[in-house]
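**Q** Structure for the following, please:
(one chain, ligands or ions: 2)
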Amino acid sequence: MTDITLVHGARQVVRVDEDGLDTIADGSVAVADGTVAAVGATADVTDRYPIGAAETVVDASGKTVLPGYVDPHTHAVFAGERVDEFAAKLGGKSYQEIQAEGGGILATVRAVRDATLETLTENLLDHLDVMLAHGTTTAEVKSGYGLATDAELKLLEAIDRADDRHPIDVIPTFLGAHAVPEGEDEAAYVDYVIDEQLPAVADDDLAVFCDVFCDEGAFSREQSRRVLEAGIDHGVTPKIHAEEFARLGGVRLASDLGAVSADHLLRATEADAAALAEAGVTPVLLPGTAFALGAAYADPTLFQDAGAPVALATDFNPNCYTQSMEFAVSLACNGMRMTPAAALRGATRHAAEALALADGRGTLREGAPGDLLVADVPRFEYVPYNPGVRTTDTVIKGGEVVHRE
Ligand code: NIG
Ligand code: FE
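**A** Residues are numbered from 1 along each chain as shown. Ligands and ions are numbered 1, 2, ... in the order given. As a prediction, the model looks like this:
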């Protein structure tokens with residue numbers, strides 16, 4: 001027997017497909033056995049899928065139905081917090097100064113090395129709960145706070161366990177090349193990532209992607225190339241933190257290697273945007289990071305004008321402490337001046353492209369996975385129009401109600 005979930009009578013349904021989005025007034029969505037079976041006017045959908053015949057019924061009167069958000073860049077598995085650094089940043093200290101004093105990523109590395117697998121898993125599950133309550137149904141999570149084989153494996157194992165235990169689909173990325181551990185030689189550490197960490201991660205099949213922090217104070221373009229090429233050799237697809245603080249050529253590297261995404265891009269140029277578009281690398285913009293650093297936002301028009309699909313992510317980490325894709329959408333509009341429609345596509349379909357998800361994730365159309373949310377707003381523009389307020393009310397994952405206010 002087919003299991004039907006019916007979300008009916010919405011004031012607005014936002015249908016998103018590979019080509020764009022359109023809105024339906026007084027709309028409904030039917031999900032059959034986990035897959036979207038109908039999106040359209042309530043009268044049409046309930047004709048095919050009557051309310052009385054559905055196992056699960058969600059009344060969306062006065063509300064808006066959207067695809068679930070996909071968050072394609074997070075560092076959500078860690079221990080400790082860095083709230084004291086927040087005060088230091090507000091007092092004028094730069095991210096690099098904090099890092100040079102042993103804070104920043106290195107402070108989180110100390111906390112992670114001291115934490116158990118169970119603690120890391122529980123911490124991640126707590127963060128996933130917050131993400132879900134804000135409408136995220138798929139999230140990428142990076143390692144990168146272990147910086148040693150055992151600690152990196154512990155982080156990836158925590159991601160794997162949390163994925164099993166939580167409704168959000170969690171996609172793991174290996175980021176051993178996130179920073180050079182305290183007291184270690186940079187060149188020797190790159191060799192260690194390539195010769196020991198990566199093979200161990202690949203042997204246990206713990207990562208879909210391999211990322212590298214290509215920046216001043218982190219890894220050079222050549223070091224990044226070596227790490228990402230080694231990842232490719234192990235069957236792990238490249239991603240890159242590129243052109244955030246300094247323009248080291250990470251975008252060109254991403255384009256050469258056919259990376260799935262290049263992320264941050266605060267210092268990218270028009271030529272960089274063209275190179276990404278040409279190579280089919282998805283640019284991922286992280287407005288929360290610029291917001292938390294007090295830095296200038298990336299310029300989405302560079303990438304839009306080049307014809308690239310602009311994806312959005314939270315970058316949730318102890319330096320950029322927001323789990324909310326609603327907030328990322330809001331910053332994209334209010335800070336980066338994206339249109340609400342472009343921001344919504346960035347947080348759904350294009351975000352799924354940044355994770356090479358070809359199963360229709362990030363869309364809301366017939367045949368897509370039944371991942372959607374009901375927002376307690378009359379139309380989708382209210383998500384960015386009403387910053388700082390949670391608009392998500394009900395979240396459905398694979399046809400199942402997994403969060404309800
Ligand atoms: O994407 N840029 C490098 N990595 C993270 C920050 C991680 C941290 O500060 O803990 C980022 O912003
Ligand atoms: Fe990051």
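
**Q** what are the ranges of the strands in the stretch 101-250 of the chain?
**A** 136-142, 169-177, 209-212, 237-242 (DSSP state E, counting those that start in this stretch).

**Q** ok, the residue in the stretch 251-400 of the chain positioned nearest to ligand 1 - contacts?
**A** Closest contact between the stretch 251-400 of the chain and ligand 1, by Cβ to the nearest ligand atom, is at Asn319 (3.4 Å). In this view, the C-beta of every residue, glycine as well, is placed from N, C-alpha and C. Asn319 sits next to 82, 85, 95, 104, 289, 292-293 when contact means Cβ atoms under 8 Å, 6 or more residues apart in numbering.

**Q** For these, pick the one with the most neighbours.
**A** Neighbour tally across the contacts of Asn319 (other Cβ atoms under 10 Å): the maximum, 27 neighbours, falls on Thr289.

**Q** low-scoring stretches of this protein, by residue?
**A** For the chain, applying pLDDT under 70 flags no range at all.

**Q** ok, which residues in it are in contact with ligand 1?
**A** 75, 104-105, 108, 213, 241, 244, 289, 315, 317-320 (Cβ under 6 Å from any ligand atom).

**Q** With respect to Arg11, which of these is nearest?
**A** Distance to Arg11 across the residues of the chain next to ligand 1 (Cβ to Cβ) is lowest for Asp315, with 31.9 Å.

**Q** quick one: the closest residue in space to that closest one that isn't next to it in sequence from Asp26, how far?
**A** Excluding the flanking residues, the one nearest Asp315 by Cβ to Cβ, 6 or more residues apart in numbering is Leu286, at 3.9 Å. Separation of Leu286 from Asp26 (Cβ to Cβ, to the nearest Å): 36 Å.

**Q** mind giving me CSV with the residues of the chain next to ligand 1 and columns for distance to Val227?
**A** Output for these, formatted as CSV (distance: Cβ to Cβ, whole Å):
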residue, distance to Val227
His75, 17
Gly104, 20
Ile105, 16
Thr108, 20
Phe213, 10
His241, 12
Glu244, 17
Thr289, 22
Asp315, 20
Asn317, 20
Pro318, 23
Asn319, 22
Cys320, 23
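
**Q** which of those residues sit farthest apart?
**A** Thr108 and Glu244 (17.4 Å).

**Q** dump the residue contacts of Leu344.
**A** Leu344 makes contacts with 14, 16, 21, 66, 329, 380, 383, as judged by Cβ under 8 Å, 6+ apart.

**Q** just to revisit the earlier point, next, format the contacts of Asn319 as JSON lines and append secondary structure.
**A** Shown next, in JSON lines, are the contacts of Asn319 (DSSP: H, G, I helix; E, B strand; the rest coil):
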{"residue": "Arg82", "secondary structure": "coil"}
{"residue": "Glu85", "secondary structure": "helix"}
{"residue": "Tyr95", "secondary structure": "helix"}
{"residue": "Gly104", "secondary structure": "coil"}
{"residue": "Thr289", "secondary structure": "helix"}
{"residue": "Ala292", "secondary structure": "helix"}
{"residue": "Leu293", "secondary structure": "helix"}
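
**Q** ok, the residues you listed vs Pro167, which is closest?
**A** Closest to Pro167, out of all of the contacts of Asn319 and judged by Cβ to Cβ, is Thr289, at 26.3 Å.

**Q** Quick check: the closest one touching His264?
**A** Yes. Thr289 lies in contact with His264 (Cβ atoms under 8 Å); the separation is 6.8 Å.

**Q** Need the residues touching each of those two.
**A** With Cβ under 8 Å, 6+ apart, Thr289 and His264 have common neighbours Glu244.

**Q** Could you list the domains of this protein?
**A** What automatic domain parsing lists as the domains of the chain is 4-68+363-404, 69-353.

**Q** among these, which is the most enclosed?
**A** Mean neighbour count (mean count of other Cβ atoms under 10 Å) peaks for domain 69-353 among those, with a mean of 21.

**Q** what's the distance between that domain and the middle of its chain?
**A** When C-alpha coordinates are averaged (Cα atoms, centre = their mean, to the nearest Å), domain 69-353 and its chain have centres 9 Å apart.

**Q** repeat for stretch 46-58
**A** Remark: stretch 46-58 is offset 33 Å from the chain centroid, using Cα atoms, centre = their mean.

**Q** Check what contacts it and list those residues.
**A** For stretch 46-58, contacts defined as Cβ under 8 Å, 6+ apart pick out 3-8, 28, 30, 32, 37-38, 374, 394, 396, 399-401.

**Q** 7 Å instead?
**A** The contact list for stretch 46-58 (Cβ atoms under 7 Å, 6 or more residues apart in numbering) reads 3-8, 28, 30, 37-38, 374, 394, 401.

**Q** Can you flag which of the residues you listed belong to strands?
**A** Mapping those onto strands (DSSP state E) picks out 4-8, 28, 30, 37-38, 374, 394, 401.

**Q** Save these as TSV, and put in distance to Ala230 too.
**A** Listed next are the ones in strands among the contacts of stretch 46-58 as TSV, based on distance: Cβ to Cβ, whole Å:
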residue	distance to Ala230
Ile4	47
Thr5	44
Leu6	49
Val7	45
His8	51
Ser28	49
Ala30	46
Ala37	44
Ala38	46
Val374	44
Thr394	43
Val401	43
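
**Q** Tell me the one of those residues nearest Thr116?
**A** For those, the nearest to Thr116 is Val401 (32.4 Å; Cβ to Cβ).

**Q** didn't that closest one look like it was pressed against Asp393?
**A** No. Judged on Cβ atoms under 7 Å, Val401 makes no contact with Asp393 at a distance of 11.0 Å.

**Q** does Arg15 sit in a helix, a strand or a coil?
**A** Applying three-state DSSP: Arg15 is strand.

**Q** Tell me which residues touch it, please.
**A** Counting by Cβ under 7 Å, 6+ apart, Arg15 touches 21-22, 24, 39, 364-365.

**Q** Which one of the strands of the stretch 101-250 of the chain lies nearest to Ala308?
**A** Comparing the strands of the stretch 101-250 of the chain by Cβ to Cβ, strand 237-242 comes nearest, at 13.4 Å.

**Q** How about residues contacting that closest one?
**A** Here strand 237-242 has contacts from 173, 208-215, 224, 228, 231-232, 250-251, 253-254, 257, 259-265, 356, using Cβ under 7 Å, 6+ apart.
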